[in-house]
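S.K.: My questions concern the predicted model and sequence given below.
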Amino acid sequence: MVLRYIHQTPVKAGLSRELAEYPWSSYNEYLGKQRIVDTELVSGLLDKDDFKAHNNYEASGKAMENEERRFLLSDKEAKEKMIALSGCNSASMFQKLDSSEIRRHICKFKDAGMSIRQISRLAGISKGVVERS
């Protein structure tokens, strides 16, 4: 069912750990917290228990599967990791490092699960530099 694929995508993409956690999903509306989605058609086909079971069923398709699941870090978590990995307590301190050292740390940040935009924003380094590192 397409609806299951839509609801599972944020989990498979690592944007949330659970279906109900993703804030921009209609999943919770089908379970009774309706605000803007017309759930009548699906509710007529599946009761709430069947809906949950269907959406939590792990389909055999590999459309968005990764070898390993990576979850996005919050900015707070990312900043803590950046400090731990680089020893720099601020973006200005990080920017004063030698360019080869900056690139080396950026690679560590990426390996730790930080996105390119997140690294750029928190380190005060251009997105292009982060992408090339």
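M.R.: Structure's in. What do you need? Residues are numbered from 1 along each chain as shown.

S.K.: Val42: how many residues sit nearby?
M.R.: Number of residues near Val42 (other CB atoms under 10 Å) recorded here: 16. Where C-beta positions appear, they are placed from N, C-alpha and C, glycine not excepted.

S.K.: what's it in contact with, if anything?
M.R.: 3, 30, 51 (CB atoms under 8 Å, 6 or more residues apart in numbering).

S.K.: unless I'm mixing things up, the second one is touching Leu41, no?
M.R.: No: with contacts counted by CB atoms under 8 Å, Tyr30 stays clear of Leu41, the gap being 10.4 Å.

S.K.: Those two: which is more packed in?
M.R.: Tyr30 (20 against 8).

S.K.: Apart from its neighbours in sequence, what residue is nearest that one?
M.R.: Excluding its sequence neighbours, the residue lying closest to Tyr30 (CB to CB, 6 or more residues apart in numbering) is Thr39, at 5.0 Å.

S.K.: next one: Glu131
M.R.: Of all residues not flanking Glu131 in the chain, Ile116 sits nearest, at 5.7 Å (CB to CB, 6+ apart).

S.K.: where does the residue most central in space within the chain fall, helix, sheet strand or coil?
M.R.: The residue lying closest to the centre of the chain (CA atoms, centre = their mean) is Leu15, at 2.6 Å. Three-state call for Leu15 (DSSP: H, G, I helix; E, B strand; the rest coil): coil.

S.K.: From Ala78, how far off is the residue lying farthest from the centre of the chain?
M.R.: Computed with CA atoms, centre = their mean, the maximum C-alpha offset from the centroid of the chain is found at Gly44, amounting to 32.1 Å. Using CB to CB, to the nearest Å, one gets 44 Å for the distance from Gly44 to Ala78.

S.K.: before we move on, what about Ser115?
M.R.: Taking CB to CB, one finds Ser115 at 9 Å from Ala78.
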